[in-house]
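**Q** quick one, fold the following:
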Amino acid sequence: MTIISWIILGLLAGAIAKFLLPGRDPGGLIGTTLIGVAGAFIGGWASARWLDHPITKDFYDGTTWLAAIGGSLVLLIAYRILFGHSRD
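**A** Numbering: from 1, shown residues only. The predicted model follows:
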């Protein structure tokens, strides 16, 4: 997959992570989408590194999507823990 594909996948993974984990985020929509893009890259890297599932060239690979959404969820939770109370 190309970098553009990963960015698109990250934007979609960030939206799915936001849907699965509703609530107010300190960064708003832009912060959540950036977290989604970063989560897609980190999830894909972790999948290839530790789960022995190399990243395929197919955009519609289910494991790649799960890794991207999982990475987005992990980063979104960490972001809320670290910066969640800054809007109160």
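**Q** how far away is L9 from R49?
**A** 18 Å (Cβ to Cβ, to the nearest Å). (Glycine included, C-beta is placed from N, CA and C.)
**Q** same thing with V74?
**A** 14 Å.
**Q** cool, A38 as well?
**A** 16 Å.
**Q** which one's more surrounded, the two?
**A** Neighbour count, other Cβ atoms under 10 Å: between A38 and R49, A38 has more, with 16 against 10.
**Q** what residues of stretch 40-52 count as buried?
**A** Residues A40, F41, I42, G43, G44, S47 are the ones in stretch 40-52 that count as buried (16 or more other Cβ atoms under 10 Å).
**Q** show me how far it is from its chain's centre.
**A** 12 Å (Cα atoms, centre = their mean, to the nearest Å).
**Q** tell me which helix or strand the residue at minimal distance from the centre of the chain sits in.
**A** In the chain, the centroid-proximal residue (Cα atoms, centre = their mean) is S72; its distance is 2.4 Å. Using DSSP states H and E, S72 sits in helix 62-83.
**Q** show me where the protein has helices.
**A** Ranges of helices in the chain, per DSSP state H, are 3-20, 28-50, 62-83.
**Q** rebuild the ones you listed as JSON lines, extending it with mean pLDDT.
**A** Formatted as JSON lines, the helices of the chain follow (pLDDT from 0 to 100):
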{"stretch": "helix 3-20", "mean pLDDT": "81"}
{"stretch": "helix 28-50", "mean pLDDT": "79"}
{"stretch": "helix 62-83", "mean pLDDT": "83"}
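**Q** and the helix holding S72, what does it pack against?
**A** helix 3-20, helix 28-50 (3 or more Cβ pairs under 8 Å, 6 or more residues apart in numbering; DSSP states H and E).
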